[in-house]
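A.B. asks: sequence? don't have it. structure:
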């Protein structure tokens, strides 16, 4: 059922009516003031390795008052004329779009700050604001909506000190006010079945600490939406009508696992040999160093020059063709930077294609231990140049997918070709990067055959990217950065309208004794078998990390879990198609279907589609796990035992993570063919 919004005018107020009932009155008299205030402020930014320190000065904040209100005869539009002393009058236009409201501001040039106050309830839960790793429900938190590195250098340094001295930190969370995220989005989803979404490109803050109100501050005066639904699926469809949806994935991605390899053609060939000998259900090989690699103090990294390194990978072009015939795809890597030592940077610099500093020089950003230049997406010629590199050097070369890394690093003190204020472009940069990659697929007719996965994001990323991955997680069980963190990350992405996500099997960031154990690899592998894409990574320091072929136990485990992922193919394809049509993510929170307190609070279980509940093992040396099951009829996948709703301690041996399937679900038959 579609609930329609209508507006009714009164003396200096507007009633917002949903399904015939007044849900809110917009006037000066609500809580003693108009619920939107306006003002002016200024931010100062400093960036180091993608981490931002932001200092804000508010010059003034003023409440507005209504001096006239009107609504159209059909109730689909309304206007409020507002005034603030010493400023010219301005207006707010309200539009009803089926089951959502669009709020637009006119003549507000005097202001660059806005505070929106929404009513709240004490028992309300809030989700979203982008991809969050250590929290899922953010009620009670202050949330900074600004694209940045999730794992900054200071956090890594502190973690390394603890690791070196043997201090484990697997359950204690970092203070939330220090968090940063690759994917920020000015969106939140309420347990009361509504969403808020701002169209700002500036920084935003959500103050969710007050039991009675939510306060949203944006560093611009920008339109926003509030949308509703009878069910959470309705709400997600409503939201993704605005932010967009991902297309269906290529058919081949479901046929097993993608194994990571680097170091040359011989190692690439060895993956295929090992996979054949051990029945690993290999559907793809991801070689991130196809364009060359450099070894730094941080580890084995890449030369950011987006051309085939034929010395490191001789005959790779022929290998790709041969393996495509076998059903084994080859994937690569790209990001929006250019290595200053390499030919593509020289060409881009000579043509003026790089982001500039205030002196007119190419702005070089230090990523880990080396500087790199950024292609200026606001320069149409530069944008087309990089897109054509993807078309020729990657798609024409034969790659079937790639990691489209980064997007978070646009400095706020740079100079853009367009002349735009970089403070207002910074958040949009990863969406522009996803758009460039998407257009390369569309213009070559390869969308649906080739996929790419992005790390960073903002509003519009859901409409352009084909897949997210959860970034550079630590190779451990830490709650903020390790295996557990990717579960709330995927769930919060779903709540923002991005419904296809996965993570690196085993994590990425590793130093000294922060390294991947065999157990961690296997636990991550079994979790990723129950996600839309099953893909590994060798990690930042491959030599100290357990890999897909480190032992016979890992090989047996990988074969089993890749077989499970392959058996899920019909089920996953249906869920991915539903996401493309309705915007309901493949990884779903339990509360989408179960109105239970525990369902709103759990951050470390998820539904895969509608019928499978997954509770990954998130602690080391565990053979059991406590699992909450909502009120339904469930079948334990590995034993066949039936469960009803409740909390249970269940067996969780390696290779048998707690997974439950709704009774009589068709997918249970598909899974039983490979586990029994």
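C.D. replies: Right, received. Where do you want to start? Here the structure is a predicted model, which means the values were calculated and not measured. Numbering: from 1, shown residues only.

A.B. asks: can you pull the buried residues of the helix or strand where residue 349 lies?
C.D. replies: Element membership for residue 349, per DSSP states H and E: helix 343-350. Residues of helix 343-350 classed as buried by neighbour count (16 or more other Cβ atoms under 10 Å): 344, 345, 348. Where you see a C-beta, it was placed from the backbone N, CA and C, and this is true even at glycine.

A.B. asks: can you list the helices and strands that it packs against?
C.D. replies: strand 337-339, strand 371-374, helix 380-389 (3 or more Cβ pairs under 8 Å, 6 or more residues apart in numbering; DSSP states H and E).

A.B. asks: strands paired with whatever helix or strand comes next after the longest one, and their directions?
C.D. replies: Put plainly, it is helix 380-389. Moving toward the C-terminus from helix 380-389, the next helix or strand (DSSP H and E) is strand 401-404. Applying DSSP bridges, strand 401-404 is found paired with strand 329-334 (parallel), strand 451-454 (parallel).

A.B. asks: tally of neighbours for residue 351?
C.D. replies: Neighbourhood size, residue 351 [other Cβ atoms under 10 Å]: 12.

A.B. asks: list the contacts for it?
C.D. replies: The contact partners of residue 351, taken as Cβ atoms under 8 Å, 6 or more residues apart in numbering, are 381, 382, 385.

A.B. asks: now it: how far from residue 83?
C.D. replies: Residue 351 sits at a distance of 51 Å from residue 83 (criterion: Cβ to Cβ, to the nearest Å).

A.B. asks: residue 560 now?
C.D. replies: Counting by Cβ to Cβ - residue 560 and residue 83 are separated by 68 Å.

A.B. asks: out of the two, which sits in the busier spot?
C.D. replies: Ranked by neighbour count (other Cβ under 10 Å), residue 560 and residue 83 place residue 560 first, with 21 against 14.

A.B. asks: once you drop chain neighbours, what's closest to residue 265?
C.D. replies: The shortest distance from residue 265 to any non-neighbouring residue, by Cβ to Cβ, 6 or more residues apart in numbering, is to residue 313 (5.1 Å).

A.B. asks: I'd say that neighbour and residue 268 touch.
C.D. replies: Yes - in this structure, residue 313 is within contact of residue 268 by Cβ atoms under 8 Å, at 7.1 Å.

A.B. asks: list the residues that contact both of these two?
C.D. replies: residue 287.

A.B. asks: list the buried residues in stretch 47-63.
C.D. replies: 47, 49, 50, 51, 52, 62, 63.

A.B. asks: my read: the fifth one touches residue 144, true?
C.D. replies: This means residue 52. No - between residue 52 and residue 144 no contact is recorded; they are 9.2 Å apart, counting by Cβ under 8 Å.

A.B. asks: any common contacting residues for these two?
C.D. replies: With Cβ under 8 Å, 6+ apart, residue 52 and residue 144 have common neighbours residue 180.

A.B. asks: quick check: residue 407 touching residue 426?
C.D. replies: No - if you go by Cβ under 8 Å, residue 407 and residue 426 don't touch, sitting 10.1 Å apart.

A.B. asks: and residue 512, its phi and psi?
C.D. replies: Main-chain dihedrals, residue 512, degrees, to the nearest 10: phi 50, psi -120.

A.B. asks: burial measure for it, as a count.
C.D. replies: 10.

A.B. asks: what does residue 649 give?
C.D. replies: Neighbours around residue 649, by other Cβ under 10 Å: 10.
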